[in-house]
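In: I would like to see how this sequence folds:
(one chain, ligands or ions: 1)
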Amino acid sequence: MQVIRTIKELSVLEKSKTVVLVPTMGALHEGHRKLIQEGSTLKTDNVTLIVSIYINPIQFNDAVDLEKYPRTIDEDYKMCEEEGVDIIFMPSDSEMYPSRPLVNVTETSLSKGLCGSKRPGHFDGVCTVVTKLFNLIKPNYAVFGKKDYQQLSVIRQLVKDLNYDIKIVAVDTQREVNGLAISSRNQQLTTKEKEKSAVIYKALNAMAKSSRTVSSEIIDLGKSILEEESKCIHIDYIEIVDRTNLNKLEIIDRPALAAIAVKVGKTRLIDNIEIDFE
Ligand code: PAF
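Out: Below is the predicted model:
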């Protein structure tokens, strides 16, 4: 496994090889392991599997959040080694942003609701760094998790609108035994908070299984379940959206997504579930 820290060194990538990219911000966990493993299934002799590890400052709209973001580089190397990653691309801030970027990439629709409305500028930061990674690494495949469903939708749109010849591979959310979606941010939770946070998936599951079709009623059901832990968990949003355009849905008459964001102590957690329409 090779660790590349500069853009110049990326020239070692052989043009004849297929490149699979798993973009991450490090603090790798079992969810990332699954993304890397999905990337590995595309691996033949002629494939280079690259994991990028870069905490992208411009997607954080809160300096404390950026500072608190977990950094576990030794464990990250270990996981990449175990999973047969060929290259870790781990640039510095000055390598990625030698000066404050004056050009940003903005998605103007899918990124506006859900987390976009709560974290101004977040998706501009994501789109900008992912565009840079795509331009630098030129992957044929890029792997993203469904836990960040909105991010996945925005990236798919970016690939389409900017004519990237990249196939986006979407991977199901990995969960703890109690159902909590695995996330780097879980490291910031106490054991008790982790236990209590199981209620998020409980709420999502009840919403997906509900026989109701009026979104507000399903949202109320989800809210009532989350409120069982109201001492510990504060709802940021709970919404039902159309899975294609992420617009709010009043009636479930097409494939939908129930999405929840909560604050557990100081930690913000998100999760979602697909609601199918028959
Ligand atoms: O999902 C993440 O970890 C980040 O948003 C990404 C896609 C690596 C961009 O910084």
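In: ok, what's across the strand from residue 18?
Out: residue 47 (DSSP bridges).
In: Now do the contacts for it.
Out: Counting by CB atoms under 8 Å, 6 or more residues apart in numbering, residue 18 makes contact with 42, 44, 46, 47, 48, 140, 141. (Each C-beta comes from the backbone N, C-alpha and C, glycine too.)
In: Apply 6 Å and report the result again.
Out: 46, 47, 140 (CB atoms under 6 Å, 6 or more residues apart in numbering).
In: what about the second one, distance to the ligand?
Out: What it means is residue 47. 20 Å (CB to the nearest ligand atom, to the nearest Å).
In: and after whichever strand or helix holds residue 144, which helix or strand comes next?
Out: Secondary structure from DSSP states H and E places residue 144 in strand 141-145. Moving toward the C-terminus from strand 141-145, the next helix or strand (DSSP H and E) is helix 149-161.
In: Buried residues, the very next helix or strand once past that next one. List them.
Out: Using DSSP H and E, the helix or strand that directly follows helix 149-161 along the chain is strand 167-171. With burial defined by 16 or more other CB atoms under 10 Å, the residues of strand 167-171 counted as buried are 168, 169, 171.
In: can you check stretch 238-253 too?
Out: Residues of stretch 238-253 classed as buried by neighbour count (16+ other CB under 10 Å): 238, 239, 240, 241, 243, 246, 249, 252.
In: quick one: average pLDDT of it?
Out: If you average the pLDDT over stretch 238-253, you get 98.
In: switch to numbering from 4
Out: Will do, 4 is the new start, and the previous item becomes stretch 241-256.
In: Now do the end-to-end distance for that stretch.
Out: Length of stretch 241-256, first residue to last, CA to CA, to the nearest Å: 19 Å.
In: residue closest to the middle of this structure?
Out: Residue closest to the average C-alpha location in the chain (CA atoms, centre = their mean): residue 151, at 3.5 Å.
In: For that residue, which non-adjacent residue is closest in space?
Out: residue 273 (7.3 Å; CB to CB, 6 or more residues apart in numbering).
In: The one you found falls within a helix, correct?
Out: No: counting by DSSP: H, G, I helix; E, B strand; the rest coil, residue 273 falls outside a helix, being strand.
In: What distance do you get for it to the ligand?
Out: 11 Å.
In: neighbours of that residue, just the number please.
Out: Using other CB atoms under 10 Å, residue 273 has 22 neighbouring residues.
In: Would you confirm that it contacts residue 262?
Out: No: assessed by CB atoms under 6 Å, residue 273 is found out of contact with residue 262, at 7.1 Å.
In: Where does the nearest residue to residue 61 once chain neighbours are set aside sit, in terms of helix or strand?
Out: Closest residue to residue 61 apart from its sequence neighbours, by CB to CB, 6+ apart: residue 128 at 3.9 Å. Secondary structure assignment for residue 128, by DSSP H and E: helix 125-140.
In: so who does the residue of the stretch 154-281 of the chain found nearest the ligand touch?
Out: The ligand sits closest to residue 154 of the stretch 154-281 of the chain, with a gap of 5.8 Å, by CB to the nearest ligand atom. Taking CB under 6 Å, 6+ apart, we find residue 154 in contact with residue 129.
In: For the protein, which residues are neighbours of the ligand?
Out: 26, 27, 28, 59, 62, 129, 132, 133, 151, 154 (CB under 6 Å from any ligand atom).
In: Out of those, which comes closest to residue 92?
Out: Closest approach between the residues of the chain next to the ligand and residue 92, by CB to CB: residue 26, at 9.1 Å.
In: Centre of the chain to stretch 241-258, how far?
Out: 20 Å (CA atoms, centre = their mean, to the nearest Å).
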